[in-house]
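Undergrad: based on what follows, work out the 3D shape:
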Amino acid sequence: GWHDCPKWGMLATEQAFLEGVGRACLSTPLFTMAMTLPLLRSASVSYLVLVTLLMMVVTTLGCLRLLGIPLGAVEALALSLVMGVSVDYIIHLAYAYVHTMTRDRFHKSRAALAARTQSITAAAATTLLVVLPMLLAHMRPLRQVGAIVGLVTVISLLYAMLFFAALVMIFGPKRTRRRPK
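TA: From the prediction side, this is the model:
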């Protein structure tokens with residue numbers, strides 16, 4: 001038999017799109033780690049960035065499932081864009097950690113948080129304020145995109161400030177800067 005329903009072609013397109021987004025969500029943390037290695041010059045801090053990003057992705061997908069937000073084409077596109085932007089919070093903290101002059105992990109983490117908390121929080125706050133009108137929209141896709149952007153922003157802020165900071169306090173390298181000769 002022949003399929004003559006016009007929706008049949010759309011199904012294949014949506015499946016291909018969602019598979020591509022799935023690959024992007026899995027490969028973004030790996031590419032981020034590869035790009036942070038030259039910037040941070042610390043494999044251990046880059047690995048901690050990777051662990052944090054993977055936890056962010058898993059938590060975000062779990063929250064979307066709990067909230068009953070299906071992962072359609074519009075939602076998947078919004079998720080992939082926002083995950084790319086949310087990486088910045090962790091990268092800023094990692095960079096500050098690596099370039100701090102103190103020698104022990106606890107003080108390096110505190111100095112990184114002190115140096116970057118205000119700017120990271122302000123960036124997250126502006127994103128959330130911009131998303132607020134989308135949550136009040138009448139169109140369901142706009143509300144879902146707004147919910148995804150808000151959710152990812154909050155999750156990435158919490159993971160950067162709490163989870164990543166705790167990881168570098170426990171597992172971060174003690175010596176991250178070369179000593180002057």
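
Undergrad: how many residues are close by the nearest residue to residue 43 once chain neighbours are set aside?
TA: Leaving aside its chain neighbours, residue 43 sits nearest to residue 37 (6.5 Å; criterion: CB to CB, 6 or more residues apart in numbering). For every residue, glycine as well, the C-beta is placed using N, CA and C. Using other CB atoms under 10 Å, the number of residues around residue 37 comes to 15.

Undergrad: show me what contacts the residue lying closest to residue 171 once chain neighbours are set aside?
TA: Nearest non-adjacent residue to residue 171, counting by CB to CB, 6+ apart: residue 48, 6.3 Å away. Neighbouring residues of residue 48 by CB atoms under 8 Å, 6 or more residues apart in numbering: 94, 164, 167, 168, 171, 172.

Undergrad: ok, now residue 87?
TA: So residue 87 contacts 28, 32, 53, 156 (CB under 8 Å, 6+ apart).

Undergrad: would you mind measuring from it to residue 99?
TA: From residue 87 over to residue 99 the distance is 18 Å, taken as CB to CB, to the nearest Å.

Undergrad: cool, residue 107 as well?
TA: Separation of residue 107 from residue 99 (CB to CB) stands at 14 Å.

Undergrad: do the same with residue 37
TA: Counting by CB to CB, the gap from residue 37 to residue 99 is 15 Å.

Undergrad: let me know the pLDDT of residue 69.
TA: Model confidence at residue 69, expressed as pLDDT, equals 82.

Undergrad: which one is residue 92 nearest to, not counting chain neighbours?
TA: Using CB to CB, 6+ apart and skipping the chain neighbours, the partner closest in space to residue 92 is residue 116 (4.9 Å).

Undergrad: for the helix or strand encompassing the one you found, what does the pLDDT average out to?
TA: Using DSSP states H and E, residue 116 maps to helix 105-135. In this model, helix 105-135 has a mean pLDDT of 94.

Undergrad: quick one: it to chain centroid distance?
TA: Per CA atoms, centre = their mean, to the nearest Å, the displacement of helix 105-135 from the mean C-alpha position of its chain is 13 Å.

Undergrad: all helices of the chain, in order?
TA: With helices called from DSSP state H, the chain shows them at 7-40, 43-67, 73-98, 105-135, 140-158, 165-171.
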